[in-house]
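[1] generate coordinates for the sequence data below:
(chains A and B)
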Protein chains: 2
Amino acid sequence: MINALDRLVTLLAKLPGVGKKSAGRMAYHILDTSPEYARDLAEVLAALHRSIRHCRICGGFTETDPCPICTDSGRDASLLCVVERAQDVRVIDDSREFHGRFHVLGGLIAPLEGIGPEDLSIGRLLSRVGKEGVREVILAMNPTLEGDTTALYLQKLLKDSGAEVTRLASGLPVGGDLEYADRLTLSRSFRGRVKL
Amino acid sequence: MINALDRLVTLLAKLPGVGKKSAGRMAYHILDTSPEYARDLAEVLAALHRSIRHCRICGGFTETDPCPICTDSGRDASLLCVVERAQDVRVIDDSREFHGRFHVLGGLIAPLEGIGPEDLSIGRLLSRVGKEGVREVILAMNPTLEGDTTALYLQKLLKDSGAEVTRLASGLPVGGDLEYADRLTLSRSFRGRVKL
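    Numbering: from 1, shown residues only, chains lettered A, B, ... in the order given. Down below sits the predicted model:
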C-alpha cells in the first residue's frame, strides 16, 4: 500500500533474526524518528562495502590493509587463532581473552555443501605458520560437525609444522544448567573434564 | 576498531528490539551480503522521509495526500476507527477485519508525561464525525492506562455527536492460557464475558 515503506520492510526482513513483524516495527520506528537517523544509516550503508575490505594477511574485515591487528607489534605473533568467518575476529577480540593474531579460513569444510579444503585459505595459513614463527595454532571453529571436520583436517596438516595445535574447550556454558544441556554438549563436557 | 562497522552497529542498535549483539550480527550480515543489498537499503532510507508524509485527513502515513484509504470509495465511511499511532492503521488494515476509515490521534492522554487532549488531533476527529456522516466511532487504543483514559475522554466528547461509540474488546488472547494471564486481563475478560 505504501511502497517506500513496503520496500523498507522487505529489505529489513532479510536481516538475520528479523521477521516480517519486527521489520515493520523497525520501519515505523525509523519513520517516527528524526530524518537525520535515516540519513545517517543510509550514508553508512552506502559507503560500507567501499570502506571495508578483507585484510590481505589475516582475511579479517578492515578499513586499512593490512589490518590494525596484523600490524600491531604489541600482539604476540607466536599465537595464531584460526576462525571460520571474519566476524569471529571481533567476537574473540572483544572478549580480551586472546592477544595474538588471527587467521580467517573463510568457511568450513562441508562435503555435503561441496565446500572442500581448496575453497578455504588453508595454503596461506600454512605459509603464515612457517614464516611468522608461530608457536601455537588455536583452532577456534564452532563445535559443530563442520567445525570438527575442519579442525581435524588442519590438525593433520599442521602436525609437522613445529607449532602446537590446540582447540577451544567445548562443554557446558557458564551459567548453564545440566538439565538444558543437549546430549552432545554433555558428552563433550565429560570427555573434556579437568582435574581440580 | 573498524569505524564504518562500529557506526553501523551503533545505528542499528537504536532500532526497537535490537541490542548491541544482534546489531553486530546484522552489520556483519550486511557486509557478507552483496553490496547491492546495502545500496538498496541505503536508497530506501535516504528517500524515506521525503516520500512518506501524514495524510491530511486521517493522519496516517501515505505517499499520496489524501491517503488511498481516505479516498477509497469502496470503504464504509460511516465507520471510523480511532487509533493512537499511524502504524496502528497498518496493523488493523492487515487484519482485514475492518473496512471503514481511520483517524490517527497522534498519541494518548498522559498527564504524567504532560500530554493533554490539546496535543492530540481531537478537534479534527470531532469535525470529521460531524461532516463525514459517521455512524460508529470504534476506539482502538491499546488497553493500557493511557488508552483507557483517552477512550473515556473521547467517549464523553462524542456522547452528543449522534455516532455510537464502541471500544475494542479486551480479554484473554486467542491461544493464550489462563495460567499466564495477568490479573488485570483476567478481570477484564470476566467483566467483558459474553453470553453463548
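[2] hey, let's count contacts and neighbours off CA atoms from now on
    OK.
[3] run through chain A and note the low-pLDDT ranges.
    By pLDDT under 70, the low-scoring segments of chain A are A:1, A:196.
[4] near chain B, which residues of it show up?
    Proximity of chain A to chain B is confined to A:1-5, A:7-8, A:11-12, A:15-17, A:22, A:25-26, A:28-31, A:35, A:37-39, A:41-46, A:48-49, A:51-52, A:61-63, A:87 under the rule CA under 8 Å from any CA of the partner chain.
[5] among those residues, which are located in strands?
    Mapping the residues of chain A next to chain B onto strands (DSSP state E) picks out A:61-62.
[6] next, the contact list for A:Cys81, please.
    Applying CA atoms under 8 Å, 6 or more residues apart in numbering or on different chains to A:Cys81 gives the contacts A:100-103, A:137-140.
[7] what pairs with it across the strands?
    Note on A:Cys81: beta-bridge partners by DSSP bridges are A:Phe102, A:Ile138.
[8] returning to what we had before: which of the residues of chain A next to chain B count as buried?
    Buried residues within those, counting neighbours by 16 or more other CA atoms under 10 Å in any protein chain shown: A:4-5, A:7-8, A:11-12, A:15, A:22, A:25-26, A:28, A:30-31, A:35, A:37-39, A:41-46, A:48-49, A:51-52, A:61-63, A:87.
[9] now the closest residue to chain B within chain A, nearest residue through space, not along the chain?
    Closest to chain B within chain A is A:Ala42: 3.9 Å, counting by CA to the nearest CA. Excluding the flanking residues, the one nearest A:Ala42 by CA to CA, 6 or more residues apart in numbering or on different chains is B:Ala42, at 3.9 Å.
[10] how about that neighbour, what does it touch?
    B:Ala42 neighbours (CA under 8 Å, 6+ apart): A:41-43, A:45-46.
[11] was I right to think A:Phe102 contacts A:Leu80?
    Yes - the pair A:Phe102 and A:Leu80 qualifies as a contact (CA atoms under 8 Å) at a distance of 5.4 Å.
[12] center of chain A - which residue?
    Nearest residue to the geometric centre of chain A (CA atoms, centre = their mean): A:Asp88, 2.1 Å.
[13] check contacts around it.
    By CA under 8 Å, 6+ apart, the contact list for A:Asp88 is empty.
[14] from A:Phe102, how far off is it?
    Counting by CA to CA, to the nearest Å, the gap from A:Asp88 to A:Phe102 is 10 Å.
[15] what's the neighbour count on A:Val18?
    17 (other CA atoms under 10 Å in any protein chain shown).
[16] longest helix anywhere in chain A?
    Longest helix of chain A, by residue count under DSSP state H: helix A:35-51.
[17] C-terminal to that helix, what's the next element?
    strand A:53-54 (DSSP states H and E).
[18] what sits up against that following strand?
    The contact list for strand A:53-54 (CA under 8 Å, 6+ apart) reads A:60-65.
[19] quick one: strands adjacent to that strand?
    Here, using DSSP bridges, strand A:53-54 pairs with strand A:61-62 (antiparallel).
[20] what's in contact with the partner strand?
    Taking CA under 8 Å, 6+ apart as the rule, strand A:61-62 contacts A:52-55, A:67-68, A:86-87, B:2.
[21] one more pass at 7 Å, please.
    A:52-55, A:86, B:2 (CA atoms under 7 Å, 6 or more residues apart in numbering or on different chains).
[22] for stretch A:105-125, same thing?
    A:82-85, A:103, A:146-147, A:149-150.
[23] which stretches of chain A form helices?
    Under DSSP H, chain A gives helices at A:3-12, A:20-32, A:35-51, A:86-94, A:122-131, A:145-158, A:183-191.
[24] and those helices as a markdown table, adding distance to B:Pro111?
    Shown next, in a markdown table, are those (distance: least, CA to CA, whole Å):
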| stretch | distance to B:Pro111 |
| --- | --- |
| helix A:3-12 | 32 |
| helix A:20-32 | 22 |
| helix A:35-51 | 28 |
| helix A:86-94 | 44 |
| helix A:122-131 | 65 |
| helix A:145-158 | 57 |
| helix A:183-191 | 53 |
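[25] wait, which of those is closest to B:Leu154?
    Closest to B:Leu154 of the helices of chain A, according to CA to CA: helix A:20-32, at 24.6 Å.
[26] and the closest residue to A:Ile92 other than its chain neighbours, backbone torsions?
    Of all residues not flanking A:Ile92 in the chain, A:Phe98 sits nearest, at 7.1 Å (CA to CA, 6+ apart). Per-residue torsions, A:Phe98: phi -130, psi 130 (degrees, to the nearest 10).
[27] also the one 10 residues further on?
    Main-chain dihedrals, A:Leu108, degrees, to the nearest 10: phi -130, psi 150.
[28] ok, now how distant is it from B:His99?
    53 Å.
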